[in-house]
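Engineer: Return a 3D structure for these sequence lines:
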Amino acid sequence: MARPLRIHVPGAFHHVTLRGNHQQPLFRAATDRGLLNTIVRNAIDKHGARVHAYCWMTNHLHFFVQVGNEPLSGLMRDIAAGYAREFQKNLKTTGHLFERRYHSVIVDTDRYLFAVLRYIHLNPVAAGIVASPFDYRWSSHLAYLGFKFDPWVTVDFALRMFADTEERARLRYVEFIAEQLARPEIPLDEPRGEGKQFLGDDDFIARMTNTPVRTSGRRDLESIIEDVCREFSIDRAALATRSRHQSVAKIRALIVERAITRGSATLAEIARKLECDRKTLREALKRNGISMPR
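Structural biologist: Below you'll find the predicted structure:
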């Protein structure tokens, strides 16, 4: 069966995994990871891309990449070929360092940004390498905390989703990661669409592929609430509290935006379901820079 064609959408976010051939180690020493950093930095400059998160594991690599006008394939080819060439330069070995084909999923950042950050940064914890991502040097976690400066990593975009100031955003990020440490192995949702190339719903896939939305009807409000709670790993009951915490406000705002945009419920119906008032929901929308859907 032929492999599905990769889709290129300028500005799209990709969660990319690149694995060592036959699960072989990709690094001989810490200097090799530094070499990879340099190769990645040069490649993203060349291709006009951005890296929003990364984690270099022993036998595989995670990237959270936003492409520019050029397809992801050229960027990944330069990274894989460039590193393999340098890695094998002084070794008596032949064959491929990486698996021939990298794996990538186009991510709906409105729904899955936090989930992808969590998954990438907690990978060393889930693997049992460290007890905390703070103890793992070769990921962008320390850059998000402000303890390390990787000039080729873009942290501002994701931090703005946590709070409107850098200090508060870093604090919210720390709290978010701390909440997940008890369950670091939480997987991402199963990719969807042709070739399982998308992490998003039918509307997102339709936008990415420029095709009509294929749905059997409007999503009901309860399903939307359950989806958002699962994405952010938050207990459903937390939304019914009087908390005005930034993370809770953001989740309420996303529920309102999706439910009204998709015709699932009115603002009054959402307020009743979440056991809060309409003023609280309007404030949540405003705090998160979301216009009231029409």
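Engineer: how close does the residue nearest the centre of the chain sit to residue 63?
Structural biologist: With distances taken as C-alpha atoms, centre = their mean, the chain has residue 116 as the residue nearest its mean C-alpha position (2.9 Å). Applying C-beta to C-beta, to the nearest Å, the value for residue 116 to residue 63 is 10 Å. (Glycine included, C-beta is placed from N, CA and C.)
Engineer: buried set for the longest helix belonging to the chain?
Structural biologist: If you go by DSSP state H, the chain has its longest helix at helix 30-47. Neighbour counts over helix 30-47 (16 or more other C-beta atoms under 10 Å) mark 32, 35, 36, 37, 39, 40, 43, 44, 47 as buried.
Engineer: Can you identify the element that follows it toward the C-terminus?
Structural biologist: Toward the C-terminus, helix 30-47 is succeeded by strand 50-56 as the next helix or strand (DSSP states H and E).
Engineer: Going by neighbour count, which residues in that following strand are buried?
Structural biologist: So, applying 16+ other C-beta under 10 Å, buried residues of strand 50-56: 50, 51, 52, 53, 54, 55, 56.
Engineer: Low-confidence regions, the stretch 51-200 of the chain specifically.
Structural biologist: 90-95 (pLDDT under 70).
Engineer: which stretches of it form helices?
Structural biologist: All helices of the stretch 51-200 of the chain, identified by DSSP state H, counting those that start in this stretch, fall at 72-87, 109-121, 123-126, 141-145, 156-162, 166-180.
Engineer: same for the second one, what does it pack against?
Structural biologist: The contact analysis (3 or more C-beta pairs under 8 Å, 6 or more residues apart in numbering; DSSP states H and E) places helix 109-121 against strand 13-19, strand 50-56, strand 60-66, helix 141-145, helix 156-162, helix 166-180, helix 221-231.
Engineer: and with 6 Å instead?
Structural biologist: Using 3 or more C-beta pairs under 6 Å, 6 or more residues apart in numbering; DSSP states H and E, the elements in contact with helix 109-121 are strand 50-56.
Engineer: One more: the fifth one?
Structural biologist: If you count contacts as 3+ C-beta pairs under 6 Å, 6+ apart, helix 156-162 packs onto helix 166-180.
Engineer: got the angle for the helix it packs on vs helix 109-121?
Structural biologist: 70 degrees (axes from the mean of the first three to the mean of the last three C-alpha atoms, to 10 degrees).
Engineer: so residue 133 sits right up against residue 121, yeah?
Structural biologist: Yes. Here residue 133 reaches residue 121: they are 4.8 Å apart, a contact under C-beta atoms under 6 Å.
Engineer: Could you pull out the strands in the stretch 151-294 of the chain for me?
Structural biologist: Secondary structure of the stretch 151-294 of the chain by DSSP state E, counting those that start in this stretch: the strands cover 198-199.
Engineer: Next up, the contacts around residue 96.
Structural biologist: Going by C-beta atoms under 6 Å, 6 or more residues apart in numbering, residue 96 touches residue 21.
Engineer: shift numbering so it begins at 300
Structural biologist: Noted, 300 is the first residue going forward, which turns the last one into residue 395.
Engineer: returning to that earlier point: now for the residue nearest to the centre of the chain: which residues touch it?
Structural biologist: Applying C-beta under 6 Å, 6+ apart, we find residue 415 in contact with 314, 363, 406.
Engineer: returning to what we had before: can you put the helices of the stretch 350-499 of the chain in TSV and add distance to residue 498?
Structural biologist: As requested, the helices of the stretch 350-499 of the chain are exported to TSV (distance: least, C-beta to C-beta, whole Å):
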stretch	distance to residue 498
helix 371-386	15
helix 408-420	5
helix 422-425	16
helix 440-444	20
helix 455-461	15
helix 465-479	18
